[in-house]
Every structure is written in C-alpha cells, then in structure tokens.
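Peer 1: my questions concern the predicted model and sequence given below.
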Amino acid sequence: QVQLVESGGALVQAGDSLRLSCAASGLTFSIYIMGWFRQAPGKERELVAHITGSSGTTYYTDAVKGRFTISRDNAKNTVYLQMNSLKPEDTAAYYCAAKLQVSRQYLHWGQGTQVTVSS
C-alpha cells in the first residue's frame with residue numbers, strides 16, 4: 001500500500017522559511033515524479049513544483065520561482081520543499097503526490113500539511 005506522509009507545516013511570519021518533507025512508502029520511489037501541490041481556501045489546487053525520479057529535473061510555478069526549492073533523497077524515499085521568503089499568499093494546505101513518467105495524472109497523494117503565513 002502506497003503511503004505519502006507530509007510534515008513540516010506551521011504558522012510562520014512573512015519572510016520566514018519552512019521545509020516540508022514527504023516520506024513515501026510502498027512504491028519504488030526513485031522512478032516516480034514527485035510533486036508538491038497547494039490549495040488555499042476557495043481556490044483550486046495548484047502544482048507548486050515537481051522533480052523527476054532519476055535526473056532530478058525540476059519545475060516551479062512562477063509564483064514560487066527563486067523562493068522555493070524542491071529536492072529528493074531517493075535513499076530515504078523522501079521529497080522536500082524548502083520554502084524561503086514566505087508570503088501571506090503562500091498560505092495553503094500543501095500536499096505531496098507521486099506519478100509515473102507515463103501517467104497523465106498523479107496517482108498517489110498525501111494527507112496534506114498546513115502552512116500559514118501571517119503578515
């Protein structure tokens with residue numbers, strides 16, 4: 001059974017940093033593309049960043065470029081999202097997800113971790 005467990009969410013002030021972690025089990029982690037999504041109240045879920053399995057190629061949505069960094073440790077089956085210079089508009093529930101290269105959609109999802117940024 002695949003499990004993705006996020007951690008690291010917190011209430012912080014604008015300008016602070018946080019690192020989210022997502023520990024995966026029950027899958028061959030290194031072959032999966034791992035993504036971080038977020039969903040704020042009243043808004044649609046959006047892809048924040050993703051990282052491929054072997055090459056570690058990354059993608060970021062424009063709103064977080066230069067502030068967030070996604071990384072992975074295949075030996076630990078863990079993906080991270082380092083978030084710097086946080087803004088109130090980064091407030092959301094953050095989810096990690098996994099998909100195979102050939103898949104159009106993310107197959108596996110975590111339960112989410114809340115990030116709240118106060119001004």
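Peer 2: On my side now, so go ahead. Residues are numbered from 1 along each chain as shown.
Peer 1: residues contacting residue 21?
Peer 2: When contacts are counted by CB atoms under 8 Å, 6 or more residues apart in numbering, residue 21 touches 6, 7, 8, 78, 79, 80. Where you see a C-beta, it was placed from the backbone N, CA and C, and this is true even at glycine.
Peer 1: check the secondary structure at it for me.
Peer 2: strand (DSSP: H, G, I helix; E, B strand; the rest coil).
Peer 1: you'd agree residue 56 is up against residue 72?
Peer 2: Yes: the pair formed by residue 56 and residue 72 meets the contact definition of CB atoms under 8 Å, at 6.8 Å.
Peer 1: how about a markdown table for the contacts of residue 21, with neighbour count and pLDDT added?
Peer 2: Listed next are the contacts of residue 21 as a markdown table, based on neighbours: other CB atoms under 10 Å; pLDDT from 0 to 100:
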| residue | neighbour count | pLDDT |
| --- | --- | --- |
| 6 | 22 | 98 |
| 7 | 13 | 98 |
| 8 | 16 | 98 |
| 78 | 18 | 98 |
| 79 | 29 | 98 |
| 80 | 20 | 98 |
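Peer 1: how about the strands in this protein?
Peer 2: Taking DSSP state E, the strands of the chain run over residues 3-7, 11-13, 18-25, 32-39, 46-51, 58-60, 68-73, 78-83, 92-100, 108-109, 113-118.
Peer 1: closest to residue 88 among the contacts of residue 21?
Peer 2: Of all the contacts of residue 21, residue 8 has the smallest distance to residue 88: 18.4 Å, by CB to CB.
Peer 1: what's the separation between that closest one and residue 70?
Peer 2: Using CB to CB, to the nearest Å, residue 8 is found at 13 Å from residue 70.
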